[in-house]
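Colleague: when you get a sec, could you give me coordinates for this:
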Amino acid sequence: MHRVKNSKMAVPPADGSGCSIDAMPDGILEHILGFLPAPESVRTCVLARRWRHLWRFATGMRVGCGSDDDFLTPAKERREFMDHVLLGGESPLDTCEFSELGEFQHEDVRRVNHWLRHAMMRKVRVFSLNMSPVEAPTPYLELDDQPLASQHLTRLDLSYVQARNSFLDFSSCLSLENLVLRYCEFWSATMISSKSLKHLAIISCSITASASEHPRLRIYAPHLVSLHIDDIEGRTPVLDSMPSLVEAFVRIIDDCEDTCDKLLDNSECGCEYCTTSGNGGDDNHCVLLKGLSEAKDLELISSPELFIFKMDLRLCPTFSKLKTLFLNEYWCMPDDFTPLACILEHSPVLEELTLELFCESSEYEVEMEGRFSVERPTKISEHLDIVEVKCQDVDKRVLKVLKFLCTFNIRFSF
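Modeller: Coordinates of the predicted model:
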């Protein structure tokens, strides 16, 4: 049943003394209430008879979200309040945001999942769930292993939740374009899939398999425009083809399982996939670079022990659209410039290259710009005009990189 909006507007006196928020129609007031924390929105019911039920039709719901009142309210009361407000509301929601809900018990898991599904029933467009981190038994709230279904959801933002395989199938969310996953755990998941998704961010998430032979998590999002992957714990996910990709940031560091200490000294080991492996590794599949090959702007950052990028370079794709490229020292160490040369030779329209070498927390003190002094090599993009090197100090390691770049007739001024 749809509520009939009260479109009548009070006419203020000619002297202007009656101008107030009460002169606004209900629809505008309900939109304004949607920007308030939910407790404050509900409190407006005591203002006047007209306000008694306006909160039920607010276009947004925000519980937690840094509100002082929410912080001081016991967790049990907040949960009961959410049951009352969310389930008691009647209108479609533009935004639904749950944050800092406090420690949750086992019996709360079903309740939070019910909130999520009910928000979908209310045609929510933007949904955010940020569960506060807690201690044992798990810092994650487990979501039901059932896919979401919504024709209205456009953005989903989840933090500190555990998602299994079926939940990560977003094929029934036909309008979903933005997906942000922070501090989440993917348990025994094989695929994140969505044909509508355009922007995906996976930040500080853990990929956990039930067995050592479990396949890598695969990301299938053929219409993705931007991708942000940062600090993955577990095995690196596989990227399927992304022909619409414009920009991508991939930073894989300490907690990734795809590492080998032998990479630091180029000695041979027995890893199944490592580039120093005596058995040659996996030469049949790319994990990351194939999916990133259509990007126009690309940032690739890796810890020295990671072997995924160097393994992918065995089947290095052509980065046919790549114009700006940002790399860290991983691509030219230890004293091995083959990875850097390979990606440069496979980027035919590259215009700008930035190397950030041996910097901590992206803090650098020295910035140098290189230019081609004479005719450039035929293997290098004829469009490459700018090569920037950023570092904390011009030490022996940096000098080796500069010397290598000189082989491409790139000269730097100090």
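
Colleague: the residue nearest to Phe326 when sequence neighbours are not counted: neighbour count?
Modeller: Among residues not flanking Phe326 along the chain, Glu299 sits closest, at 4.1 Å (CB to CB, 6 or more residues apart in numbering). C-beta: built from backbone N, CA, C; applies to glycine. A count of nearby residues for Glu299, using other CB atoms under 10 Å, gives 18.

Colleague: and Glu299, which helix or strand is it part of?
Modeller: Per DSSP states H and E: Glu299 is located in strand 297-302.

Colleague: what's the first helix or strand after that strand?
Modeller: helix 308-312.

Colleague: now find how far off-centre that following helix is within its chain.
Modeller: Distance, stretch centre to chain centre, for helix 308-312: 22 Å (CA atoms, centre = their mean, to the nearest Å).

Colleague: if we can go back for a sec, tell me how far the residue nearest to Phe326 lies from Phe249.
Modeller: Per CB to CB, to the nearest Å, Glu299 is found 5 Å from Phe249.

Colleague: in stretch 154-168, what counts as buried?
Modeller: Across stretch 154-168, burial judged by 16 or more other CB atoms under 10 Å covers 154-165, 167-168.

Colleague: for stretch 354-372, same thing?
Modeller: Applying 16+ other CB under 10 Å to stretch 354-372 flags Thr354, Leu355, Glu356, Leu357, Phe358, Cys359, Tyr364, Met368, Gly370, Phe372 as buried.

Colleague: between those, which sits nearest Ala341?
Modeller: Distance ranking of those against Ala341, using CB to CB, places Leu355 first at 12.8 Å.

Colleague: where does the closest one fall, secondary structure wise?
Modeller: strand 352-357.

Colleague: could I have the CA atoms of the helix or strand following that strand written out in CSV?
Modeller: Where DSSP H and E defines the elements, the next helix or strand beyond strand 352-357 is strand 366-372. The C-alpha coordinates for strand 366-372 follow below in CSV (Å, rounded to 0.1, in the frame of the first residue of the first chain):
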residue,chain,number,x,y,z
VAL,A,366,63.9,13.2,-4.2
GLU,A,367,62.0,13.5,-7.5
MET,A,368,63.8,13.3,-10.9
GLU,A,369,62.4,13.6,-14.4
GLY,A,370,64.0,11.8,-17.3
ARG,A,371,63.9,12.6,-21.0
PHE,A,372,65.0,10.8,-24.1
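
Colleague: Arg164 is in contact with Leu143, correct?
Modeller: Yes - between Leu143 and Arg164 there is a contact under CB atoms under 8 Å: 7.5 Å.

Colleague: if we can go back for a sec, run me through the strand neighbours of the strand holding Glu299, direction for each.
Modeller: strand 247-252 (parallel), strand 324-328 (parallel) (DSSP bridges).

Colleague: which one of these lies closest to Leu176?
Modeller: Nearest of the strands paired with strand 297-302 (CB to CB): strand 247-252, 19.2 Å.

Colleague: by mean pLDDT, which helix or strand of the protein comes out lowest?
Modeller: Here the helix or strand of the chain ranked lowest by mean pLDDT, DSSP states H and E is helix 68-72, holding a mean of 48.

Colleague: one step back: and the strand holding Leu355, which strands flank it?
Modeller: Checking strand 352-357 against DSSP bridges gives partners strand 324-328 (parallel), strand 386-391 (parallel).
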